[in-house]
Each structure stands twice: as structure tokens, then as C-alpha cells.
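In: here are the coordinates; sequence isn't available:
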């Protein structure tokens, strides 16, 4: 126990000094013979983006600029060695509830989706897919996904492979009151995908408020959850980022937090990547500009907390519990 305690202290000391997550620091502190016997660590460089906030999908020029900005950030990410780049909710356009309201803008009512320039959005997404193929880069992009005319669209994340193919799509499941009442059709299933052996899950919008979304992805063995949002209300609401840190810590996996830039706001939230211990591994600037930040993530193979927590939830403690009211058992101390 003493040797184990000393080893943990050495690992924590290195993590505090270097900023590495516990698992990475542990790999450096382990003796060489143990390291050689340890499972191979799979790694991937992830870029997290923050884009200029755009909320009017009637404006063709704004849709074009959003597409151009996404592709510019993709190029920067690839030049920096990224394998995957993660974008915010509504990176193509995050339709404003008042702009879309058929009785707006003073009142909020059912959205009139005929106002959306769908053909322009499709052209920009096609150009983005082609660039992903050219760069050999995976991209996860927030966008509205149209359904047939009788149904409201989904609020979605498109997962585009390094071959320029749409691999899968995540649709926001737990919507806000306005979204479910007037704007979108909810999704129904979690979505996972793999890149270079790293398994990702997707979350969107205000789903950071729902820990069951994140615990579900832990059970699905993801190594990183990609959470895209436009932020709370106000947009610099700090709870979203704090909750992302909490989910990373309690589930022992990486959380990528992608949010649009909100220039001119005091203490705006910024995009970033949270390590499994709950600390920020990288963050974009808070000056309200479009940007990316990067970090090398891994599959955390030496992590002991996830298997222990699963064991603890499986009925481990039941044989040790005292029947009846334990407060009435034993000698009174007070």
C-alpha cells in the first residue's frame, strides 16, 4: 500500500507539473518493464472549433460565409495535424426562433421553415464534404437537417469521414421548450462512431443538463463525447462549460465542448477540450473570434476508475449492508 501510495503521488505530481491527464502522466512514471507489458495506447489529435454565430438562414450571404469559415478552420486544423475537427451547434446556421416564427418577430410561434435557403445550405455542405476528402480529415458539423414537408427538421450533427462521406447523423433528443414546441423534431437514439480506434459519442444543444445522456455514452464505451451547443441564456452562461467538466470527470472520458464565438460579451464561454479528470486540456481564446484549439486525446487504457465504478453500480455493496435501520444498531456514541 505504501509503494502504491508513493507511485500515485509521483503520478499526480507529474500531472500537476506538465498539465497531462492522470493516465498520460502514469505512462511516463511507470517502470519500463511495466510500460512494455501495458496495452498499446491509441491516440488522435482533435481540433475543437468556435465559429462566428449566424442565426438568419434566409440570408444567402451569411450562409455562404458560414460555409467558408467552416472550411477555413478545417484547413487550419489539418495543417496542425488534426485527424478530426468538431464544430458547434448550428455552425452552418442556428436559426433564430423569432426570425423563423410565422407570427414573429415580436411573438414566438411555429417556425416557417420555407424561409430557410435550403439549396444554398446543401451547396455549402457539399463543398465541405469535398474538402474533407481532399484534406483526409473527419469533421463533425452542427446543422439543421430537413425532413419531409409535413415534419419539422432535426437539429443535428453531421459526421463526415475523411473520404467526404456522411457516415452518420446525430439528432438532438432532449430539446428546450421552445425547440420542441415550435421548431424541431426530436431525435431518438445515441450515436457513436470510431476514428483510428477512438470511439466518439455525440450530444447537442442543452443536453449537457441531462447526465443520463453522458452516462449512456459511458456504457457504450466511448472515449470522447463531442458536445456542440450555442450556449445557454445568456450565451455566456457558465453552467454549460462547468457541466461538460463534470461529465468528463464523473465518466472518466474526454469531452469536447464546441460553442460559437460571441463577440462583445463579458466573460464569454469558449470552445475547448476537457480531459478525463475534468480539467481543461485546451481552450480557444475568449476574444469572440473564430478559432480552433487542439489536443491529443487517447483511449485511456490504464484507467481504473471506469471499471471500478461499473463494479460499484453492479450490486457490489449489497452483501455488506446491514439489515434494518443501521442507525439503531450498535453502541451510541452521542
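Out: Perfect, thanks for sending it. Here the structure is a predicted model, which is why all the values come from computation and not from measurement.
In: ok, residue 194 to residue 224 distance?
Out: Going from residue 194 to residue 224 by CB to CB, to the nearest Å gives 11 Å. C-beta: built from backbone N, CA, C; applies to glycine.
In: Among these two, which residue is more densely surrounded?
Out: residue 224 (27 against 12; other CB atoms under 10 Å).
In: Now the common contact residues for residue 194 and residue 224.
Out: Residues touching both residue 194 and residue 224 (CB atoms under 8 Å, 6 or more residues apart in numbering) are residue 200.
In: OK, contacts around the residue nearest to residue 100 when sequence neighbours are not counted?
Out: Excluding its sequence neighbours, the residue lying closest to residue 100 (CB to CB, 6 or more residues apart in numbering) is residue 111, at 3.8 Å. Contacts were defined as CB under 8 Å, 6+ apart; by that measure residue 111 touches 95, 97, 100-102, 152, 182-183.
In: Show residues contacting the helix or strand that residue 309 is a member of.
Out: In this assignment (DSSP states H and E), residue 309 forms part of helix 305-312. Residues from elsewhere that reach helix 305-312 (CB under 8 Å, 6+ apart): 218, 251-253, 300.
In: what separates the helix ranked longest in the chain from the chain centre, distance-wise?
Out: For the chain, the longest helix by residue count, based on DSSP state H, is helix 60-79. The chain centroid and the centroid of helix 60-79 are separated by 20 Å under CA atoms, centre = their mean, to the nearest Å.
In: For it, name the packing helices and strands.
Out: On a contact count with 3 or more CB pairs under 8 Å, 6 or more residues apart in numbering; DSSP states H and E, helix 60-79 meets strand 43-50, strand 84-86, helix 118-135, strand 138-145, strand 291-298.
In: got the buried residues for the fourth one?
Out: Within strand 138-145, the residues that qualify as buried by neighbour count (16 or more other CB atoms under 10 Å) are 138-145.
In: with the residues you listed in mind, which one is nearest to residue 205?
Out: residue 142 (9.2 Å; CB to CB).
In: hey, what's the closest one bridged with?
Out: Counting by DSSP bridges, residue 142 forms beta bridges with residue 157.
In: residues touching it, list them.
Out: 87-92, 94, 156-157, 204, 228, 258 are the contacts of residue 142 under CB under 8 Å, 6+ apart.
In: If we use 6 Å, what do you get?
Out: The contact partners of residue 142, by CB atoms under 6 Å, 6 or more residues apart in numbering, come to 87-91, 157, 228.
In: Identify, from those residues, the entry nearest to residue 132.
Out: Distances from residue 132 to the contacts of residue 142, taken as CB to CB, are shortest for residue 87 (11.8 Å).
In: Now do the same for residue 193: helix, strand or coil?
Out: Using DSSP: H, G, I helix; E, B strand; the rest coil, the structure places residue 193 in strand.
In: no, scratch that, I was asking about residue 300
Out: coil.
In: Quick one: the helices in the stretch 101-250 of the chain, in order.
Out: 118-135, 177-178, 211-219, 239-251 (DSSP state H, counting those that start in this stretch).
In: Please pull out the lowest mean pLDDT helix or strand from the protein.
Out: Between all helices and strands in the chain, the lowest mean by mean pLDDT, DSSP states H and E belongs to helix 32-37, at a mean of 49.
In: hmm, who's touching the host helix or strand of residue 14?
Out: Secondary structure from DSSP H and E places residue 14 in helix 2-18. The contact list for helix 2-18 (CB under 6 Å, 6+ apart) reads 22, 25-26, 29.
In: what do you get for stretch 175-194?
Out: For stretch 175-194, contacts defined as CB under 6 Å, 6+ apart pick out 97, 110-111, 151-152, 154-155, 159, 167-168, 170-173, 199-202, 206, 216, 220, 222.
In: Could you list the buried residues of that stretch?
Out: Here stretch 175-194 shows 175-176, 179, 182-185, 187, 190-193 as buried, counting by 16+ other CB under 10 Å.
In: Identify, from these, the entry nearest to residue 70.
Out: Using CB to CB, those come closest to residue 70 at residue 193, 19.2 Å.
In: wait, what's in contact with residue 81?
Out: Residue 81 sits in contact with residue 45, where contact means CB under 6 Å, 6+ apart.
In: hang on, the earlier thing: which among the contacts of residue 111 count as buried?
Out: Among these, those classed as buried by 16+ other CB under 10 Å are 95, 97, 100-101, 152, 182-183.
In: Pick the one among these closest to residue 281.
Out: For these, the nearest to residue 281 is residue 95 (31.9 Å; CB to CB).
In: Just say helix, strand or coil for the closest one.
Out: Classified using three-state DSSP, residue 95 is coil.
In: what helix or strand is the spatially closest residue to it that is not a sequence neighbour on?
Out: Closest residue in space to residue 95, ignoring its immediate chain neighbours: residue 57 at 5.1 Å, by CB to CB, 6+ apart. For residue 57, there is no helix or strand it lies in under DSSP H and E.
In: Distance of residue 57 relative to residue 116?
Out: Per CB to CB, residue 57 is found 4 Å from residue 116.
In: When these two are compared, which one has more neighbours?
Out: Using other CB under 10 Å, the more surrounded residue of residue 57 and residue 116 is residue 57, with 25 against 20.
In: and that one, what pLDDT?
Out: On pLDDT, residue 57 comes in at 97.
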